[in-house]
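Chemist: Here's my sequence, what's the structure:
(one chain, ligands or ions: 1)
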Amino acid sequence: MLTWRLCHSTRLLLRQSVRAFASSTRTRAENDALLRTRNIGIIAHIDAGKTTTTERMLFYSGHTRRIGDVDDGSTVTDFLPAERARGITIQSAAISFNWPPSSANDELPKQKEGISSNVRRSSIQHNVNLIDTPGHADFTFEVLRSLRILDGAVCILDGVAGVEAQTEKVWTQANHYQIPRLIFVNKLDREGAAFHRTVKEIGSHLHAWPAVCQIPWFRAGDRRLCGVGDAVGLQGLLWEENSDGRAIQSLSMDELRKIEPTFAEELQKARIALVELLSEHDDQMVENFLEYEEDHLAIPAMDIWSSLRRFTLQYPQKLVPVFAGASFRNIGVQPLLDAVVDLLPSPEERPDPEVNIEGVLTTLSDLLNGTLALSPQDKKRKPGKGLANNRGKQSTILQNLQGCALAFKVVNDPKRGVLVYVRVYSGSIGRGLPLFNTNLSITERAPKLLKMYASDAVDIASITTGQIGVIVGLKYTRTGDTLLSYNGMNPKTGPPSPLNTLQLRPITVPPPVFFTSVEPASLSEEKQIAETLQILLREDPSLNVSTDPESGQTHLAGMGELHLEIARDRLIQDFKANATIGDIEINYREAPTRASNTHTITIDRDIGGKKARASCKALIEPHTTTDGLETTETTHQIPLPENNHLTFSHPTIDFSGQPLTTEDTALPPSLPLPTIISSITNGITAALARGPTNNFPIHSTRIKLELDPASQIFPDTTPAAISIAAREAVKACFEDAAQKATFSLMEPLMAVRISVPESDLGSVIHDLSSARGGQILSLDGGVDDTSTTSSNNDEDTPRIDIKKIYAPPDPFSSGYVTEGSGVYGGRNRQVIAKVPLREMVGYLKSLRSLTGGRGTFVMGVDRFEKVGGQRLNGILRDIRGS
Ligand SMILES: Nc1nc2c(ncn2[C@@H]2O[C@H](COP(=O)(O)OP(=O)(O)OP(=O)(O)O)[C@@H](O)[C@H]2O)c(=O)[nH]1
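Modeler: You can find the predicted model right below:
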């Protein structure tokens, strides 16, 4: 087994070579472009207005001539028919635009880390790559996939609904990826808009101090939203009603005091509160405050922007800048774009991306600058295969690495074919050069590179560090794969080991809990449907395709009902597949309750015209803990998906039966250990796909597997034979356990967060706990009726005293009366519960009827739990009935 260790002696050499690599590959213009780049995402709950806001961004930046409308299906970013039909975003679209559209001053500020004392970044043109992420819980995986390539995000809140369940979920995920965020409170034109309540909820639900940079401006008289008050720049920004919003009138404090004295007074309060908040956490702001004789209004706007930027880039982000508007009324979008450029980081200012190389987690810089070097401990490996074996070779390898990119999204475009969206993390990807896919271990050429501007595309010659672009013409690359460009690469083997195993920001695919059957209308359709399913899988790795060995039926599994419905529509409507799709069913799991007997399977046959032999001995048992599972010279512990675990041992006697020392293990001489382990895991994964009692995937099972030396077949042992022997040995154990009735069914238990109006709370809780067998865990995420601080278990984020949060009063509020109650007037209550998935099927409909259409919920798999008694009978009836 290869392990990492620090090789001090090689560090200097590597650093030198990498420095040379970086400076030789990045020109001044490229550095400049990097500083002017923002890779940002828009995250929010479904319907908060992400697409509407994106459309305005494209319009104001000059990339579209008219504003697209979600409601009449004319948006640029929601371009799949299924998205336009439902008015929701399913696939995140990546588009680029410049902000501001043009700039008088084209010089970047000299100081990299801050705006020089009097130049705002937003006065200089930047390139914004914008990823529009989906808001529905079923697409959480898609959100995660986008999050890991973002450098910053705008979180849009619906100013009527406040902080909603899905927002909390995505916010937590963004914390995980350390993504700096701004908040835009949208829909403030709507009746019932509650900026005050929403700001307070940022503290109570998202556990961040809201730094209110703008307050909504409701016109005196009819109280309609007409603009925003800018607490940083101390000005009123006014949009003309029913205009396209391009022209913004700016009014000074003096002008405001004349025409809107109450609003001017509130804006002054907002500025004081902002300076106070920043001063509490930022020494520099305290100095500014003292320098300007403790006059909150005298501190220059630039100093406040600088302080806000410091906070936004800090991790954990305890303070979040808040902006206001109504995208649909074209109010607030341009200042939000300025804030994106001013406050969110360039790719250079982000933490180093995580990489996995030969199963070891490290960071890309640590790998490239030689802080860590790989040292092979596997004595059977031939010298020269590991990086640290030869210092000169190691530096050459790193110098030859031309580019390293992550494919974060694959889209089947009807006109252009399959588009692979990539983010380049190091070096560059050049048109026409071969790319090695480290996940699939194959080489593909990139014949065409594009930069996407809304639905238009521009041909480019290369995609450089920090940039997002599209590769056209790749046949195999899937979402999540890592691509390397390597000088002088052998297309068959890729870059030298271990670089050929490098994976950027790996994420785990969550277990699919629903499935449906896909039945081709005729035999001749089979091939086309199989190919189409492969495209869907390339686009979305959270879908899963398998074949039922008994019926031969194809099963498509996914994360939620909507997830599978969309996949079904894509298959039938977009790809015109001629197939019958079955009902959507729950994907249960199977698990042993006791250990099986040991089973040995020996394979001795011809595969592909060559002798193929292997022998594996297996045993299965329930997997409850990893305590005491140690990796030694001859035993390897390998965690598998679905809480399964493989303990793989190889012989300590050789094929003639002679005992060996631990240093001299008997393994087939022609096969390296990683190849053997990968053959075994492939075979086992196939066996785990279907259990012996009801054909559901296997869960919580430990497999103990040995390569059997006694069979004396090492000379002809092949990877394919090892795979088959492992699969068959494990299957024999399953059959054995099933015959003894020691297999049980497991069902998905969901963690559910429901948001309901106070008046419906009782009936929703009653329905959950009595009719659905759910367990209520808490109300309002732990903010009970007597608490005034946000409760949060995450030690990285601060406890917020909600009473201390500044927010202007809402003009129409029917009373956010209970300032000390932690629950704001008319506010939705949050119920957190654990409920079996079977009881949550079609829940949205029931919730809507219980709450007059006002309740919403999100859920995710908490765990799988064994089912017994009456409940098991009910489930088995369901399964057999279907
Ligand atoms: N009154 C009002 N309606 C808005 C505003 N912004 C968006 N909407 C409406 O809210 C609905 C949802 O807007 P979208 O932009 O599709 O929301 P989304 O967040 O992209 O939704 P998903 O793609 O489904 O996640 C649409 O009917 C919009 O017209 C706003 O500022 N004011």
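
Chemist: switch to C-alpha atoms for all contacts and neighbour counts from now on
Modeler: Will do.

Chemist: okay, now residue 306: neighbour count?
Modeler: When neighbours are counted by other CA atoms under 10 Å, residue 306 registers 21.

Chemist: any idea how the protein splits into domains?
Modeler: Listed domain ranges for the chain are 38-349, 354-504, 514-583, 599-742, 745-880 (source: automatic domain parsing).

Chemist: Include distance to the ligand and mean pLDDT when you put those domains into CSV, please.
Modeler: Shown next, in CSV, are the domains of the chain (distance: least, CA to the nearest ligand atom, whole Å; pLDDT from 0 to 100):
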stretch, distance to the ligand, mean pLDDT
domain 38-349, 3, 85
domain 354-504, 15, 80
domain 514-583, 12, 84
domain 599-742, 29, 82
domain 745-880, 13, 77
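
Chemist: Tabulate those domains (a markdown table), appending distance to residue 32.
Modeler: Putting these into a markdown table (distance: least, CA to CA, whole Å) gives the following:
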| stretch | distance to residue 32 |
| --- | --- |
| domain 38-349 | 8 |
| domain 354-504 | 12 |
| domain 514-583 | 33 |
| domain 599-742 | 43 |
| domain 745-880 | 34 |
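
Chemist: Distance of residue 297 relative to residue 156?
Modeler: Going from residue 297 to residue 156 by CA to CA, to the nearest Å gives 28 Å.

Chemist: who's more crowded, those two?
Modeler: The residue with more neighbours, out of residue 297 and residue 156, is residue 156; 27 against 18, by other CA under 10 Å.

Chemist: isn't the more buried one right next to residue 51, touching?
Modeler: No - counting by CA atoms under 8 Å, residue 156 does not reach residue 51; the two are 10.4 Å apart.

Chemist: Kindly state which of the domains of the chain is positioned closest to residue 30.
Modeler: The closest of the domains of the chain to residue 30 is domain 354-504. By CA to CA, the value is 7.6 Å.

Chemist: How far off centre is that closest one?
Modeler: 20 Å (CA atoms, centre = their mean, to the nearest Å).

Chemist: What of stretch 536-549?
Modeler: 19 Å.

Chemist: what do you get for stretch 566-582?
Modeler: Distance, centroid of stretch 566-582 to centroid of chain: 26 Å (CA atoms, centre = their mean).

Chemist: Please point out which parts of it sit buried.
Modeler: 566-572, 575, 577-579, 581 (16 or more other CA atoms under 10 Å).

Chemist: Break down the stretch 51-200 of the chain into its strands, ranges please.
Modeler: With DSSP state E, counting those that start in this stretch as the criterion, the stretch 51-200 of the chain has strands at 93-99, 126-132, 152-158, 181-186.

Chemist: quick one: buried residues of the last one?
Modeler: This means strand 181-186. 181-186.

Chemist: Show me the helices in the stretch 151-300 of the chain, by range?
Modeler: 165-176, 195-206, 253-259, 261-281, 283-291 (DSSP state H, counting those that start in this stretch).

Chemist: Is it possible to get JSON lines of these that adds mean neighbour count?
Modeler: Compiled in JSON lines, the helices of the stretch 151-300 of the chain are given as follows (neighbours: other CA atoms under 10 Å):
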{"stretch": "helix 165-176", "mean neighbour count": "19"}
{"stretch": "helix 195-206", "mean neighbour count": "26"}
{"stretch": "helix 253-259", "mean neighbour count": "14"}
{"stretch": "helix 261-281", "mean neighbour count": "19"}
{"stretch": "helix 283-291", "mean neighbour count": "16"}
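
Chemist: Pipe those helices into JSON lines and attach distance to residue 420 per row.
Modeler: Listed next are the helices of the stretch 151-300 of the chain as JSON lines, based on distance: least, CA to CA, whole Å:
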{"stretch": "helix 165-176", "distance to residue 420": "23"}
{"stretch": "helix 195-206", "distance to residue 420": "34"}
{"stretch": "helix 253-259", "distance to residue 420": "50"}
{"stretch": "helix 261-281", "distance to residue 420": "42"}
{"stretch": "helix 283-291", "distance to residue 420": "44"}
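
Chemist: just so I know, which of those helices lies nearest residue 301?
Modeler: So among these, helix 261-281 is nearest, using CA to CA, at 10.2 Å.

Chemist: tell me which strands and helices that closest one is in contact with?
Modeler: strand 209-212, strand 214-218, helix 253-259, helix 283-291, helix 301-313 (3 or more CA pairs under 8 Å, 6 or more residues apart in numbering; DSSP states H and E).

Chemist: could you redo the ones you listed as TSV and give each row distance to residue 651?
Modeler: Shown next, in TSV, are those (distance: least, CA to CA, whole Å):
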stretch	distance to residue 651
strand 209-212	59
strand 214-218	69
helix 253-259	82
helix 283-291	64
helix 301-313	53
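
Chemist: out of the ones you listed, which comes closest to residue 679?
Modeler: helix 301-313 (44.3 Å).

Chemist: name the helices or strands packed onto that closest one?
Modeler: helix 261-281, helix 283-291, strand 319-324, helix 333-343.

Chemist: tell me the angle of the longest one relative to helix 283-291?
Modeler: Counting by axes from the mean of the first three to the mean of the last three CA atoms, to 10 degrees, helix 261-281 points 120 degrees away from the direction of helix 283-291.

Chemist: and what of the shortest one?
Modeler: With the same axes, to 10 degrees as the criterion, the two stretches strand 319-324 and helix 283-291 enclose an angle of 70 degrees.

Chemist: Strand 319-324 pairs with which strands, parallel or anti?
Modeler: strand 181-186 (parallel), strand 209-212 (parallel) (DSSP bridges).

Chemist: Figure out which of those strands is closest to residue 538.
Modeler: Per CA to CA, nearest to residue 538 of these: strand 181-186, 29.7 Å.

Chemist: separation between residue 230 and residue 214?
Modeler: Taking CA to CA, one finds residue 230 at 5 Å from residue 214.

Chemist: Report the beta-bridge partners for residue 545.
Modeler: Beta-bridge partners of residue 545, as defined by DSSP bridges: residue 556.

Chemist: since we're on it, how many residues are nearby?
Modeler: 19.

Chemist: repeat for residue 764
Modeler: 20.

Chemist: Please list all residues in contact with residue 252.
Modeler: By CA atoms under 8 Å, 6 or more residues apart in numbering, the contact list for residue 252 reads 234-236.

Chemist: Name the member of these with the most neighbours.
Modeler: Going by other CA under 10 Å, residue 236 tops the contacts of residue 252 with 27 neighbours.

Chemist: Show the contacting residues for residue 840.
Modeler: residue 772.

Chemist: ok, the residue nearest the centre of the chain to residue 507 distance?
Modeler: In the chain, the C-alpha nearest the mean C-alpha coordinate belongs to residue 144, at 1.0 Å (CA atoms, centre = their mean). Distance of residue 144 to residue 507, computed by CA to CA: 8 Å.

Chemist: Make CSV out of the buried residues of stretch 566-582 and add secondary structure.
Modeler: Formatted as CSV, these follow (DSSP: H, G, I helix; E, B strand; the rest coil):
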residue, secondary structure
566, helix
567, helix
568, helix
569, helix
570, helix
571, helix
572, helix
575, coil
577, coil
578, coil
579, strand
581, strand
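
Chemist: Taking those together, which two end up most distant?
Modeler: Checking these with CA to CA, the most distant pair is 566 and 578, at 16.2 Å.
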